[in-house]
Structure formats: structure tokens, C-alpha cells
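>>> Sequence and predicted structure are below.
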Amino acid sequence: MGGISIAWGAQSIRTPTRKNDPCVCSIAQRVLKPIRGKCTEQGLRSSRALVSGDWGVGLTFTHGNLYETRLPPLRRRRSGPGRAAKTVALFTGIVQGQANITHKEARNSTFTTLTAQFPSGALTGIQIGASVAINGTCLTVTDIDESASTLSFDLIIETLRATNLGYLKEGDFCNYERSARFGEEVGGHIVSGHVHTTALVSEIEETENNRKVTYTLVNKELWMKYIMPKGFISLDGCSLTVGEVGADWFTVYYIPETLRVTMHGKRMVGDTVNVEIESQTQTIVDTVEKYLSEKSIRP
């Protein structure tokens, strides 16, 4: 396995291709020509790449095809005394474990502070201002208690409205994932931590080796068109593959390891999960719809 590495400054991110594939390498060189940086062929691990420059490009290599998606430029802030350079938080959808909600304080109807206790060693190197995904929702660390292994986060009205974090109470558990670093393996798919909607657990079917869960989507008119069989989806921050799809429902099959590590092993009928649509799927669907609309073509 070889790949294309996109490098700028001291940072690089990568996407795999077939080794010594001149066609793919040529496409990548042409696509990335306007970007400050360079392309080199190397052995790689991750399956996607995001590039920053005058404009951005997303590359995905799937089933022998290299796909390109234009992205808005990433904003950079200059470093200065007392101010670190701002980085963009991304997650991989590989939940690292479960945290225990130890305190929840509702300051008013639109602002809540949440404190969670994490497993030993999970907070190594954490700093105020760092990003952590709680049930797939990107939150900013506002307070650290190293002795108790806890982090605190502020939840504003939009977070409380759009996610299941408002339902959490003291003693509950939640999925967590710390933000990914460039160069690390992307074991799931790129997750932003920006929850689009929620879904209800409507049916659970237990089998000998896995669990089949059926979810009913909230706001199906807005989001159901982005959910496709075998496509990516993030549920409570966990990168998963969609099984079957209906008018307002979809299924997911869970292996024992996912049930052990994440909250999906504890979910019951009637529970609410956070849903984040896979970004490239959304881009493709919206682009096709816009094109058909402009050409007055009915799908």
C-alpha cells in the first residue's frame, strides 16, 4: 500500500492510493497544484485528507477511486505572547471509553456546566481550551481537576437543544473521544463533533454474536436523504456503518467490542442518540440536488 502525502510547513496529512499508481498520483498532483505545499508518494495509514491553504481540498480513496471535495479554507491565528496557535478539532469516531457525569449545574434555561470523571490516564496532556467529544458533541474544556480526573464543559442553548447532553444527569455515563492529531490513524471516519440531529432507539434485536438496533430519525425530512446503506454515520460519536434504510429509520449492527467499549451496549428502546451525518455524503447529495435543480431535472 502506497499513498499521496500532502505537506505544508512542518505538518502533513495523508490519503492512501495503490502503490506506484501513476493515474492516481497524476490526479492528485493536478488537484493539489493551487495549494501551497507538495505531494510525495509514501506508505500511509489514514483514508482521508484535509488540506489547508488558499483553499482546501478533501481527498478520499475508496474502492479504487480518488474523490475530491472542495472545502472552505481553515482560518489561522497568529501566535503571540500568552496566546497559542488555534487548531481545528477533528475526531475519528473511535470512542476511547466512557466517562461518568459527576456534576451538572444548570445556571439558567440556556446555560449548563457539565463535569465528567474520566478513566485513569485518559487526561494526559489535556489543557484548558482543548476539545473533547462527549457523546459525539465537540465541547471545550473549561476546568481541569487532575486529582479527581475530571473535566468541566459549558453547554449553551444550541447544544442543549440539538443533542442528548441535556438529558444527562449525575451518575450517567457518556462516550468520550479526545481530538485527533495529525499523523495518527483514522480508524473510523472524519467526525467534526457538530451534531446534526438525534434519533430514537426503536427496536433492539439480540443475536449470538452481535446486536441489531433500529433507529427512528428525528427531522427525517431534513436528514434522511443523507443516510444510505453501507454508508458512514456517527451515533453518539461512534463511527458506524449503516445497515438497512427505510422512510424514517435505519439499522446498525454492533460487534461485541463496540458494545463493550461504548454506551451502545447500554442503550435501551426509547433512548436518544446524537447523529452526525458524514460530511462528504452530505456534500455530494447537496451538490447533485443543486445541479438537478439548476437544470430543472427531477430526480
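All right, it came through fine.
>>> Pop the domain breakdown of the protein in here.
What the record gives for the chain is the domain set 2-71, 97-178, 197-285, from automatic domain parsing.
>>> among those, which is nearest E185?
domain 2-71 (4.9 Å; CB to CB). No exception for glycine: its C-beta is placed from N, CA and C like everyone else's.
>>> Now do that closest one, average pLDDT.
The pLDDT scores in domain 2-71 average 39.
>>> Please apply the same query to stretch 212-220.
96.
>>> now L114, which residues is it bridged with?
K104, F153 (DSSP bridges).
>>> when you give positions from now on, start the count at 27
Understood, numbering begins at 27; the last thing we discussed is L140.
>>> surely it meets I127?
Yes - taking contacts as CB atoms under 8 Å, L140 lies within contact range of I127: 6.7 Å.
>>> Check the contact lists of the two and give me the overlap.
L194 (CB atoms under 8 Å, 6 or more residues apart in numbering).
>>> Those two: which is more packed in?
L140 (25 against 19; other CB atoms under 10 Å).
>>> Give me the distance between the more buried one and Q122.
18 Å (CB to CB, to the nearest Å).
>>> do M254 as well
With CB to CB as the criterion, M254 and Q122 are 27 Å apart.
>>> And those two? Which one has more around it.
Q122 (19 against 15).
>>> Tell me the confidence at the more buried one?
96.
>>> out of everything not next to it in sequence, what's closest to it?
E203 (5.2 Å; CB to CB, 6 or more residues apart in numbering).
>>> what's the answer for G214, then?
Going by CB to CB, 6+ apart, G214 has S265 as its nearest residue, at 2.6 Å.
>>> host element of the one you found?
Taking DSSP states H and E as the definition, one finds S265 inside strand 264-271.
>>> Which positions in that strand come out as buried?
Residues of strand 264-271 classed as buried by neighbour count (16 or more other CB atoms under 10 Å): 264-266, 268, 271.
>>> on contacts alone, who are the packing partners of it?
Contacts defined by 3 or more CB pairs under 8 Å, 6 or more residues apart in numbering; DSSP states H and E place strand 264-271 against strand 258-261, strand 275-280.
>>> In whichever helix or strand comes after the last one, which residues have enough neighbours to count as buried?
Read it as strand 275-280. Per DSSP H and E, strand 275-280 leads on to helix 282-287 as the next helix or strand towards the C-terminus. Using 16+ other CB under 10 Å as the test for burial, helix 282-287 gives 284, 287.
>>> Not counting the helix or strand that helix 282-287 is followed by itself, show me its contacts.
Counting by DSSP H and E, the element after helix 282-287 in chain order, helix or strand, is strand 298-303. With contact meaning CB under 8 Å, 6+ apart, strand 298-303 is reached by 161-163, 189-190, 193, 217-227, 241, 243, 249, 252-253, 259-263, 293.
>>> What mean pLDDT does strand 298-303 get?
Mean predicted confidence for strand 298-303 is 98.
>>> picking up where we left off before, want to try JSON lines for the domains of the chain, with distance to S319 as columns?
Formatted as JSON lines, these follow (distance: least, CB to CB, whole Å):
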{"stretch": "domain 28-97", "distance to S319": "19"}
{"stretch": "domain 123-204", "distance to S319": "27"}
{"stretch": "domain 223-311", "distance to S319": "12"}
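>>> what ranges do the helices span in the stretch 77-226 of the chain?
Along the stretch 77-226 of the chain, the stretches classed as helices by DSSP state H, counting those that start in this stretch are 183-188.
>>> Tell me where it is predicted with low confidence.
Across the stretch 77-226 of the chain, the ranges flagged by pLDDT under 70 are 77-115.
>>> Of the contacts of strand 298-303, just the buried ones, ChimeraX syntax please.
Of the contacts of strand 298-303, the buried ones can be selected in ChimeraX as follows, counting by 16+ other CB under 10 Å:
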select :161,162,163,189,190,217,218,219,221,222,223,224,225,227,241,243,249,252,253,259,260,261,262,263,293
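>>> still on that earlier bit, test my guess that the residue nearest to G214 contacts I216.
No - using CB under 8 Å, S265 makes no contact with I216, being 9.0 Å away.
>>> List the beta-bridge partners for the nearest residue to D297 once chain neighbours are set aside.
Among residues not flanking D297 along the chain, V227 sits closest, at 4.7 Å (CB to CB, 6+ apart). Here V227 sits in beta bridges with Y241, going by DSSP bridges.
>>> Am I right that V227 is in contact with V239?
Yes - here V227 reaches V239: they are 6.1 Å apart, a contact under CB under 8 Å.
>>> what residues are shared contacts of those two?
With CB under 8 Å, 6+ apart, V227 and V239 have common neighbours R293.
>>> hey, which helix is longest across the protein?
Secondary structure of the chain read by DSSP state H shows that its longest helix is helix 305-320.
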